[in-house]
Every structure is written in structure tokens, then in C-alpha cells.
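*Asks:* Build the 3D model from these lines:
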Amino acid sequence: MTLPTAQLQNILATLHSYSATVSDFIITLLQDADFADSTTIEEMGRRIDEILDAMRHNPVTKPNLMKWASNEIQKTYALEILTLAKKSMGLQFGARTATVEKLEALSIDFIAEEMKKISPELWELVGVLLQADPDRNKRRTQARVRYAKKKGSKANTDAEGDVEMNDASEAEADTEEKLWEDLEDLTDIINSDGIDDLADNLPGDDKTENNLEELEEREEALMTITVIELMAHLGVSISTTAINLAVSSLSRESYRELQRLGSTLLTSYAYDNVDIDLKSTVPTMEKPGPTLIHLTSATLIPLEHNVTADDLDCAQKLWENSSLNRHRVSSQVKNIHDSDLARLHPDSTRGSSSLNRRERYNAWVFLRDLIQHGPDSFKKYKSQLESPELIDAIPVVKYHQVHARMMDTACATPAENASVIEDLLSKQGGVGDASKDPHLVNIGNQVIIMYGDLGVGERIQSLMASRAEERTPFRRMQFIVYGLGLFHVKMACADAIWRMFIFKPESRKESDDHSLMKHISILRPKETRKFETKPGFRRMHEIIQDVGAVSRLDCWRLEAKKLGFSSLKKYGESKPTFDEVKELAGRMAQTYVARKDFESLRSRRPDLRDEIEENMKLRQQYFLLYDEMSTKMNYGDIGGVEACFLPWIWLFQACGKHKYATFMRKYLRDVHFVYPEGVRGAVRKNILVNPTGRPGRFRGVDWWVEHNNFYIKRIYGGKFSNHTKHHILKESPLIGIFKNTRIQVENMFRMVNKTTRHSRPDMTKSYAKLTTHLEETKNNAVIPGRTTKYQVPNYLLRGQHLASTQKDTVIRGEYYSDAAEGWEDLGDGEDEAEELDDFEVNE
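*Replies:* Model (predicted):
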């Protein structure tokens, strides 16, 4: 309660009579032990907020009160920070002792809990500062709610941490936009005060574009190091020295993990060449150039699906029956023909359906395209659309890899491949011939699976043939089992379609309204020249998808017209049942796609033939074969992939890609007729890997190697003065750790709106334009008597004829067709960036 003025004067008079002040009275009362438990002290404690608040509002006492409070809180915070920074608290990062376990165990939540316990006052201060702005605090609370929802949805976040892009709130967008504006202003200041000044100080003759470019690189490198050191002094980063120490520590641990994994003898190896242009390198008398370096990247992938050492214990048996062994008595493998390969996965009808397996897949594609790209009235069937029929699917598990150190050698010759393999096995994997080096784990009778592209396979085969006369099994390298790189096979399929429909000048005339080049000119009018020369895998992959989907939608329009509807949209508005639509898709798979009786269409009288319809049926057949190969790979259906091999072998032979045809035949022959059951299962179940552990996300092992090459070339290979061969070789085993650490930090700081995935562009208008063209030109309609200047050959029939008429010839100890003598390397997709994009947008 508030005392009257008269009472206050009486109390002050009483204190004065004892020669005491109010301050003396309060201090003595609080310090006297006899009054420690008195009700007076308790009452003061209850009202301490009121007492201090009254002093804060009094103009005489406020300055001294605030000064005292500031000094006390500073002492408290300083003491708590010193306590928090002690090594005994376990919160410091030790660069010299860095391990993967420590990095993976790093958690912002753990640090927060420890800080709360060790420094409660400092923790309260952080909370007060973060909640000082009510509006921002409200937005932060809303963001936590959104994050909690996203964290609980597995559909939005994959196992590697890539998060699908979602729309940010307007407030977040404004904040991010302001941040980038500030950074651009800062960049302008740096550029104006830095590079321009250096350029002005150059002699007149030296002011060339190269010199300026070199100056820019040097200054940007200096800026990078300066920023790191500044952040280190601020306490929000470690220094460049500590970074280098951490890299060295992690490299040593990576080497130990390679040795541990290799010593199990239950791992596969995959490698490929990688070419890097060190543009910042300055030519000297000792090293005049060129700046392009040739290295070999590799990775170790543990064998999954219960592969055991006993399954792989057969190297001597394989050597005894190998055609490379001139001491073998007789081969236990009969001559394998295409008819034998066709029976590996026998085709059959299903239930009451008259469709065979390939026609059922084609019907599924027609139905998928209608639901995904057709009128909105068909999207309601999405939940009823099942996955495609699978023959022999690999179980879905998350695969792991351990990156090997890149090797300072190319793998372009058999001798270089021998050096690469010995480096991978003995120096990094810790396995080899124990009789020569007792520190190595002896390979013995085990086989080791080596995956790679076709170039790797060819060099390995040549190497084994050249060493067939060596005395020891290790020197003969008889333990190697080559696994085909399916991603490069897929790229070869895209290249084959380019050869069939674009490569020949007469096949790509844009004046022909029905040619593939005409359809490309509608979807990508500025890239027609690129498609005529060397489009690359990415472009061909997307064109096959886009043109194929629009063409199939046009077929749906024609079927809707037959049912009495003016458009496909009107048919959807009539609300047909899913079973009715599915049945119609089955009929379309037999109507608009070339079948075994296709040649009977071309044998009709000219007035009955429609040559454009014939071309479209063939194109639809080849596009659907490509779609089937791609989809079966994505779903991990190794049986389905192998079932696609034989038609693609014939197509490859027909369009001149004999190398792929030969090696695909060799794969089917070895896996199903030569290898023991254990090795057969190990190769087939691990030829496709699933980096995310999610259905529909399988990739070829060789894709993983190319993916690693992309990261080391474009992201983690260093920049400016750090972009050197030494730096690349040193950090190459750590690219997986770098990527996982980045993802971990993004997740800790709730950076959920970031992604490295490429979303598909909105093709609605492009599809509509091509749809209009197909309708106007009656692309898929049947009009007897129509002719065309170019008839698409029946490449499947041509390939079958070549396969049946060519005799077998021995080449390097193996049986191949005569066409294999004309092997040629057409550079089937060595652009790692395009290969990476395939993973991001393929679905």
C-alpha cells in the first residue's frame, strides 16, 4: 500500500533520531542474519519487482540502478560464455580429430540443450532477442508449423535430403529478395573498388581480356579466403588452416573406410574417366599445356541383397571355362542364339486379356499420359493407376557408396586400366595377392564385380585377353566380372532414335509436316540446328518423352471421335469409368503401334496404303521401347530391362551401333548361361542402385559415377587458385561427406525451401501448339493413298535379318558377330551435367 506523507515523515524522523538513513536501514536489514527468515524480508522479496520498478521510474535513482544492473548482467554473461567455451564442456570442434561420426552427430538441438543447462542466463537472452519483434515472432511460429508438417511428410523430402520446392510466404519472399539486393550492392562496391583499380594500374599493353580475367580470378580467390578468415574471427566459422586440417583428417578416415569395405570382398567397384579443364592454369616452360587433365574417378558400393562370400567363390571355375584360357578342355556353354535369349523371360497373356506383356506396358503408357497430360477430367483416375507390370524387381533398399580417391591416370588403354584396377584394389581397397604383399587381404578364389560404361568393359576385356598367359590368377586378373553400365545403354538408346529419325538428311526435313524434326521445331524452334548435329542425351530424352506424349494424346482424341465425341475433353466430361478407359487404352496399344504383322501393311496396294500412318506406328513403337527401358530401370525391374535387351540389340545392329549390340548379347550370355547362380544374382541385383531408398528411384551404377564426376568438376573441385589437380585429388574421396554435411546444416537451420532438383517446365502451351499441328495434319489418322517422301525403315526387322545372317567370329578370345569388327566410339554421352539432370527430372 502507499503510505501517507505524514507517516513517511514520522518514519524518516525516527531513523534520523538513530542517526541512520533509509539506505542504512535496508542494507542492515538484508545483511543481518537474525532477520534472514523474518516476514519482513519475505515481504520485500515478494515485492522486489515493485521496488526496482519504482527506482527505475524515479529520475534520481534510475541512472545508478541501470548502471548497476548492466554491470551485473555483463559479469554473468561473461562468466557463462567462458564456461560454455571450455573444452571440458565438449562443444568445441577439433579439426585435427575430425571424423565422419562427429560430423554426423552434430546437432543444433543438442548444442541448444547444453547451452540451456550450462548458461541459463545467456540462453534467456537469446530467447528475448529472438522474440523482440512481435511480427517476426509470429511469422517464425507459422514457419515452425509449416516445417513440422513438411518433416512429417516423406513425400516432400527424399533420403538424401533434397527437398522439393514449395511456395514460400510473401513475407519470406520479400526478406529473401531484400537479402539478394543487399548482396548485389555489396558486389558492385567490391567490383568498383577492386578489379577496376587493378586494371587501371596495368601497363597499356597488358590490358587484355586474359589479364583482366586472371585478375578477377585472383581477387575473387583472395576475397573468398578473406571472408573465411573474417568469419573465423567473428566466431561463426573456422579458419582456412582448420579447414585444411579437417580435410586431411577426413581423408585419412575415408582411406580407412575404403580398406575396411574392400577387405570384406563383398563390394563392387565402379570407375570411369573424367576430363577436367583447369582454365585458371597458367602455361609455363615446364608445363606449356594443355590445361585439360585426364583422371579416373571410382567408387565402392557394398553388395546388397544377402550376397555372401560363398556366392562369389568361383574365380577358378570361371577361368577353367573361359574362352581366354587356352588350356581349357572344352567349353560347357553351348552356342547361344537370339532364340535362346528370347526365352529368358517368356512372354504371355494375362487373364482374359489378349494383350501380350509389351502391349500391356504400351497400354499402361497410353493411360499414364492421358492422366498426366490430358484434360483435367481424367486426373481423378491417378489414384487408380497402378505401377507398370514388373517381371523380376530388385527389392527396394537404400544403397551406399564410399568414394575412392581419384587416380592421376586416364583409363583409355588396357595398360591404364590395369593401373587403375591395381590402385583401386591394392592401394585403396587393401586386397590383392597376399603372396606378394602380406599386408593385403588375399583375393583367393573370390570374384570382384567391376561396373563401368562400354569403354571400361572393352578395356577390361582387352586387358584380360592380353594377360591370359600370366602365371598367377591375380596377374591374369581372372577374378574380374564385368557389369554392364545400364545408364550408358539408355543413352545409346536415345542416340539410336536420333540416328533413325534425324541423322539422315532425308529423314529430318522440316518441310515434311510429319517428320520428327518438324515436331521438334514446334516444341524447340531455337534448337533445331543443335538437334541436327549433336543434341546430347538430355535433349533427346526430353524430346522422346514430349513428342511421344503429345502423339499419344492425339491418338486418344481420334478414339474419342470414334465414340461420337467432338474432342477428348468432351469424352472426359461424359465421365467414363476407369475400366472403360483402361480397356480403350488396350485397344489403342494394338491399333497405333507397329506389331509383328506390320510388314503386311506395307505389302498392300498403293491405293490402300497410308505411308504416314506406317511411319507413325514405327515411331510410336520405338519411342515406347525407349520408354519401357527407361521406366523398367527406374523401377529396378532387372527382368524387364533384360526383356528389352533383344529388341534394342536388333535396333542397334540396324542403325550401326554394333558395339552395344555385342556387349548386351555378351551380358545376357554370361549372366544366364555362364556364371554360377551366386554370381548371377550378385550381378543382376546390384547392376541398378537406389541412392534414396525410394520406389521408382533406381539408377545404373555408371550413373552414380557420372553423378560423382559432376560434383567434383562443378561443385567441390575448388575454385580459382584452388582449382588444381592436387586439390581435386585430395578432396575427391570427401564429396559425399561434403554433400551430406551441407544437407545436414540446411536441415538443422530449417532451410526447407532449398532444392537442387530441376522442376519440369510448364509445357502446357507447347503441348497445345503441337497438338493443334498433329490434328491439322491428321498425323495419326488413317487416310488410304497418302504417301510420303521418306519411309521409316523397319529397323527391328532389319536388325533381326542382320543377326540371323552374320556368322560368329572369335575376337580377343570371345565370340561375336562379324559386325563387331566395325566398332566405333560415337561419344555416347559424356556430359556429366546432362547426366545429372536426368536424375532430377526423369520422372
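*Asks:* how near is Asn58 to Asp423?
*Replies:* 81 Å (CB to CB, to the nearest Å). In this view, the C-beta of every residue, glycine as well, is placed from N, C-alpha and C.
*Asks:* ok, the two, which is more surrounded?
*Replies:* With neighbours defined as other CB atoms under 10 Å, Asn58 and Asp423 compare such that Asp423 has more, 19 against 10.
*Asks:* doesn't Met407 make contact with the more buried one?
*Replies:* Yes - here Asp423 reaches Met407: they are 5.3 Å apart, a contact under CB atoms under 8 Å.
*Asks:* where along the protein do the strands fall?
*Replies:* 267-277, 292-302, 402-403, 431-432, 441-442, 448-452, 480-484, 688-689, 699-700, 808-811, 814-817 (DSSP state E).
*Asks:* Is it possible to get a markdown table of those strands that adds mean neighbour count, mean pLDDT and distance to Glu42?
*Replies:* A markdown table is the format used below for those (neighbours: other CB atoms under 10 Å; pLDDT from 0 to 100; distance: least, CB to CB, whole Å):
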| stretch | mean neighbour count | mean pLDDT | distance to Glu42 |
| --- | --- | --- | --- |
| strand 267-277 | 22 | 92 | 73 |
| strand 292-302 | 20 | 92 | 69 |
| strand 402-403 | 22 | 93 | 67 |
| strand 431-432 | 22 | 94 | 77 |
| strand 441-442 | 17 | 94 | 76 |
| strand 448-452 | 25 | 95 | 79 |
| strand 480-484 | 23 | 95 | 81 |
| strand 688-689 | 24 | 96 | 71 |
| strand 699-700 | 25 | 95 | 72 |
| strand 808-811 | 13 | 44 | 101 |
| strand 814-817 | 19 | 41 | 98 |
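*Asks:* For the ones you listed, give me TSV that also has distance to Phe673.
*Replies:* Formatted as TSV, the strands of the chain follow (distance: least, CB to CB, whole Å):
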stretch	distance to Phe673
strand 267-277	21
strand 292-302	26
strand 402-403	33
strand 431-432	29
strand 441-442	30
strand 448-452	18
strand 480-484	14
strand 688-689	21
strand 699-700	23
strand 808-811	15
strand 814-817	12
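*Asks:* Relative to Arg357, which of those strands is closest?
*Replies:* strand 688-689 (19.8 Å; CB to CB).
*Asks:* Partner strands of that closest one, with direction?
*Replies:* Partners of strand 688-689 in the sheet, by DSSP bridges, are strand 699-700 (antiparallel).
*Asks:* Asn335 and Phe673, how far apart?
*Replies:* Asn335 sits 10 Å away from Phe673, taking CB to CB as the criterion.
*Asks:* Compare those two (neighbour count), which wins?
*Replies:* Set side by side, Asn335 and Phe673 show more neighbours around Phe673, with 15 against 9, by other CB under 10 Å.
*Asks:* There's contact between the more buried one and Ile336 in this structure, I believe.
*Replies:* Yes - if you go by CB under 8 Å, Phe673 and Ile336 touch, sitting 5.8 Å apart.
*Asks:* State the number of residues packed around Gly430.
*Replies:* The number of residues packed near Gly430 is 19, by other CB under 10 Å.
*Asks:* Tell me where the model's unsure across the protein.
*Replies:* 1, 147, 150-237, 280-290, 329-334, 349-352, 718-722, 752-759, 807-843 (pLDDT under 70).
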